[in-house]
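*Asks:* I'd like to go over a predicted model; first the sequence, then the structure.
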Amino acid sequence: MKKIIIANFKMNTTPSEMKGYSMTLATKTANTKNQIIVCPPFTHLSIAKQFLDGSKVTLGAQNVSDAEKGTYTGEISASMLKDLGVEYVIIGHSERRSRFKETDRMINRKIKTALSYGLKVILCIGEDLATRGAKQAGAFVRKQLDDALKGIYENELEGIIVAYEPIWAIGTGKSATVKDIEKMTALLRKEISSLYSEKAGENINIVYGGSIDLNNYKKIISLPCINGALIGGTSLDVDNFSLIARENY
Ligand code: 13P
């Protein structure tokens with residue numbers, strides 16, 4: 001089954017390293033049916049574009065401003081990304097929510113801005129350990145989803161991939177279990193169905209992220225309930241990421 005395999009480098013690697021990474025990934029994934037998206041830091045996008053052109057790999061950014069342009073020193077706009085040939089942008093990653101105080105309202109504005117410039121969105125949601133412990137995970141991610149999608153029309157959902165990334169599984173070496181992933185994706189599809197339509201719930205692309213590695217990727221990504229994976233640490237090694245990206249699931 002065709003899957004969506006996404007790399008999120010976070011704040012790792014240098015622009016000079018991107019050339020070799022891009023060339024290797026492009027070659028090693030030339031024959032895959034999967035959709036591959038690489039999200040390096042902003043500074044790498046231009047060089048990545050140059051060496052990924054004509055390959056199966058598309059480019060994503062890790063963040064975007066909610067504003068279109070103007071007096072926002074240090075920010076990067078949707079039109080800048082679009083102009084560079086970037087196709088996707090990660091919005092609402094838990095690291096941005098917690099470290100940079102991004103709110104659900106801001107995330108909703110970012111999604112609207114990104115979509116209006118023709119960028120596709122990888123929307124991250126997921127609960128922390130305390131919320132999970134209090135058995136509130138379902139209600140928590142439902143609210144994150146509702147708030148993020150306020151004012152988004154059903155026909156715009158094809159430009160959105162929902163990434164379920166439980167915070168307790170990110171970078172901890174302890175991925176969510178198959179049971180956890182099945183339960184949460186069913187809940188998310190049900191929520192999309194009630195917000196939009198039955199069909200929307202079935203068709204929405206949902207990926208899982210959190211401590212995917214060479215030992216667990218096959219079991220997780222093969223699950224029929226998910227459309228793919230969002231991979232952090234393991235994506236930094238191009239051989240490892242290529243292996244995961246070109247697998248037949
Ligand atoms: P890890 O794969 O390093 O756990 O990171 C997941 C993630 O946050 C991807 O966005």
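*Replies:* Sure thing, it's come through.

*Asks:* okay, now the residue in the chain that the ligand sits nearest to: neighbour count?
*Replies:* Using C-beta to the nearest ligand atom, the point where the chain gets nearest to the ligand is Gly232, with a distance of 2.3 Å. In this view, the C-beta of every residue, glycine as well, is placed from N, C-alpha and C. Here the number of neighbours of Gly232 (other C-beta atoms under 10 Å) works out to 22.

*Asks:* for this structure, identify the residue most remote from the centre.
*Replies:* Farthest-out residue of the chain from its mean C-alpha position, per C-alpha atoms, centre = their mean: Thr71, at 28.0 Å.

*Asks:* torsion angles phi and psi at Ile90?
*Replies:* Main-chain dihedrals, Ile90, degrees, to the nearest 10: phi -80, psi 130.

*Asks:* how close does it get to Thr103?
*Replies:* Ile90 is 16 Å from Thr103, where distance means C-beta to C-beta, to the nearest Å.

*Asks:* more neighbours: which of those two?
*Replies:* Ranked by neighbour count (other C-beta under 10 Å), Ile90 and Thr103 place Ile90 first, with 24 against 11.

*Asks:* wait, is Leu45 part of a helix?
*Replies:* Yes - Leu45 forms part of a helix when assessed by DSSP: H, G, I helix; E, B strand; the rest coil.

*Asks:* give me phi/psi at the spatially closest residue to it that is not a sequence neighbour?
*Replies:* If you skip the residues right next to it in sequence, Leu45 has Leu84 as its closest partner in space, 5.3 Å away by C-beta to C-beta, 6 or more residues apart in numbering. Here is the backbone geometry of Leu84 (degrees, to the nearest 10): phi -80, psi -10.

*Asks:* and Leu84, what does it touch?
*Replies:* For Leu84, the contact set (C-beta atoms under 8 Å, 6 or more residues apart in numbering) comprises Leu45, Ser46, Lys49, Leu59.

*Asks:* the residue nearest to Lys112 when sequence neighbours are not counted: which element?
*Replies:* With C-beta to C-beta, 6+ apart as the criterion, Lys112 has its nearest non-adjacent residue at 6.8 Å, and that residue is Gly151. When secondary structure is defined by DSSP states H and E, Gly151 falls outside every helix and strand.

*Asks:* and Gly151, what pLDDT?
*Replies:* Model confidence at Gly151, expressed as pLDDT, equals 98.

*Asks:* state the distance from Lys49 to Ile206.
*Replies:* When distance is defined by C-beta to C-beta, Lys49 is 27 Å away from Ile206.

*Asks:* element containing the residue farthest from the centre of the chain, please.
*Replies:* Using DSSP H and E, no element contains Thr71; it sits outside every helix and strand.

*Asks:* okay then, goodbye and thanks.
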